[in-house]
Every structure is written in C-alpha cells, then in structure tokens.
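In: Mind folding the following:
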Amino acid sequence: MKFSYYPGCTLKTKAQELEKYGLDSAKALGVELEEQKEWQCCGAVYPLGSDEIASRLSSVRSLASAHSKGEKLVTICSACHHVLKRTNEDLKKDENFRRKANNYLELENQYNGEGSVIHYLEMLRDEIGFDAIKEKVTNPLNRKIGAYYGCMLLKPKKDMQMDDPENPTIIEDFIKALGGTPVVYPYRTECCGAYLAVNNKELTDRMSEKITKSAMENGAEEIVTACPLCKYNLELREEISVKYFTELLAEALGVK
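Out: Residues are numbered from 1 along each chain as shown. The predicted structure is shown next:
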C-alpha cells in the first residue's frame, strides 16, 4: 500500500516526533509513504479571500503531483490537511481559481481537483481499518485518553468530509483500537486559541484551560491531538500530558 506523502514545515522543525512516530508506524503497518520531492509550505492558514491565488499554488502543485502518480496524498498535520483539502475542493468548484492556478503553474497535465487528499487518521480508518490495526497491537494502552480535535481537522464539514464536526468518533475509535479507553468531554472540538497565542496569550491560556480542565474532570489521564499548534497551546498548561496520536500508535505497535 503506497501513498504520496506531504509532511509540511512544522513536522521538519518543532513537531518532528509527530512525523517520526507516524512514519515508523506506517512501516510497521506495511504502508509506504513516499515524501514528495518538491513540496513547499502550504501556507499554514487557509486564505479567506477567494481571490487569493498565490498562497494556494504550492498546495495545487502537491495535489497535482500525487494525482499524476495515481496516488492519494496523505498528510499528518491537521493544519496542512486543512489547507490542502480545501484547496482541492476549490479547484473542483471555483472555475476562476482553477483556470488561474493551472495557467500560472503550467502543469504538464491540467489539474482540476480530481485527486484525493486524506489525513493519516483517515488512512488508518478507511485504507487499513481499525480492526486490522487492533490485531497488530502488541502493547495495549490500557488508560483513559481524551481526544482533542480542535478546529481545523473537521471544519467546515462540507469541505473536510472527515467526520461529524459536532460529534466526531474517529479518534475515539482509534484509541479503542489501540486498547485505550476514550474519554468524551464537552470541549474536545472547541478552539484552543490557535494563533491568538502570538498577540493575546492570556486569552489562549483561558481557552486552553477550559479544554484541559474539561478533559480531566471527565477522567482523562492524557490528551491526544493531531495538531502541532494545539499541542503547544494545551501543554503550556502543564496540567495533563498531551501527546500526538502517532506517538500513541507507535507505542501500541511496539515501535516506540
């Protein structure tokens, strides 16, 4: 099983463990993730202006490259996944953007959003299957874990098409497959403050505190997330351990 792989900038710097555990686990599961040779930063934030073309071009190039190989494009970072997935949807729906992007990039074959970009979690659920992963677990987690989704993984629903943004189950099902006990708590899909940490740290602290407190009050022993920025904001509270989902996967598969 082979996929094109888009790492993104943060996984090469501040979130290297998110990538390392993800790649090690993929190998243990018999999955080949081939890193794209000429990937560029996705921009990290999806532009709100429909006439903003330049910041989405690197995503178009990566999407087109994967499609030209007949492969799905896999991402691990929730921010990269958000930008890539929404850009791909833009190519399908926005004729003006589609035309300008293709004209500017001068691709060998025009790309109109025909390809597919999936998050690593979707790869586990839809391509491998949680039941198959469960059979490969050698070190069951045996603890209570709260999934933290944040904003970018699931919303907007019409573009992300990953899970129910109000009542998701993908990470809870993932935790169960690894032998852990998922803890469902009220603030698991609320914003942690994200980039507000740059100019309003106090507000981010308050928002993050609500999340960690909610998880602990409902019995969580640790929190798991797919977003480097979410992990950074939540673990500043130092109240509960916050881990990447790939770290839990590597632990359960015995490759950590």
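In: Which residue lies nearest the spatial centre of this structure?
Out: Ser78 (2.7 Å; CA atoms, centre = their mean).
In: how far away is that residue from Ala26?
Out: 17 Å (CB to CB, to the nearest Å). Backbone N, C-alpha and C define where each C-beta goes, glycine included.
In: Helices of the stretch 101-250 of the chain, residue ranges please.
Out: Assigned by DSSP state H, counting those that start in this stretch, the helices in the stretch 101-250 of the chain fall at 120-122, 130-136, 157-160, 170-177, 201-217, 228-235, 245-253.
In: From what I see, Arg86 and Leu48 are in contact.
Out: No - Arg86 lies out of contact with Leu48 (CB atoms under 8 Å); the separation is 10.7 Å.
In: So between those two, which is more surrounded?
Out: Counted by other CB atoms under 10 Å, Arg86 and Leu48 do not tie: Arg86 has more neighbours, with 19 against 6.
In: so the more buried one sits in a strand?
Out: No - counting by DSSP: H, G, I helix; E, B strand; the rest coil, Arg86 is not part of a strand but helix.
In: Give me the residues contacting stretch 65-73.
Out: Defining contact as CB atoms under 8 Å, 6 or more residues apart in numbering, one finds that stretch 65-73 is touched by 2-6, 34, 36, 38, 62-63, 84, 108-109, 111, 114-118, 127.
In: quick one: which of those sit in strands?
Out: Using DSSP state E, the subset of the contacts of stretch 65-73 located in strands is Lys2, Phe3, Ser4, Tyr5, Tyr6, Glu34, Val117, Ile118.
In: Buried only: go through these for me.
Out: Phe3, Ser4, Tyr5, Tyr6, Val117, Ile118 (16 or more other CB atoms under 10 Å).
In: ok, the residues you listed vs Leu91, which is closest?
Out: Leu91 has its nearest neighbour among these in Val117, at 11.0 Å by CB to CB.
In: I figured the closest one hits His82, correct?
Out: No - the criterion here is CB under 8 Å, and Val117 misses it with His82 at 10.2 Å.
In: Starting from Ser25, give me the distance back to the residue lying closest to Gly180 once chain neighbours are set aside.
Out: Distances taken as CB to CB, 6 or more residues apart in numbering place Leu141 nearest to Gly180, at 3.6 Å, with adjacent residues excluded. Plainly put, Leu141 is 14 Å away from Ser25 if you go by CB to CB.
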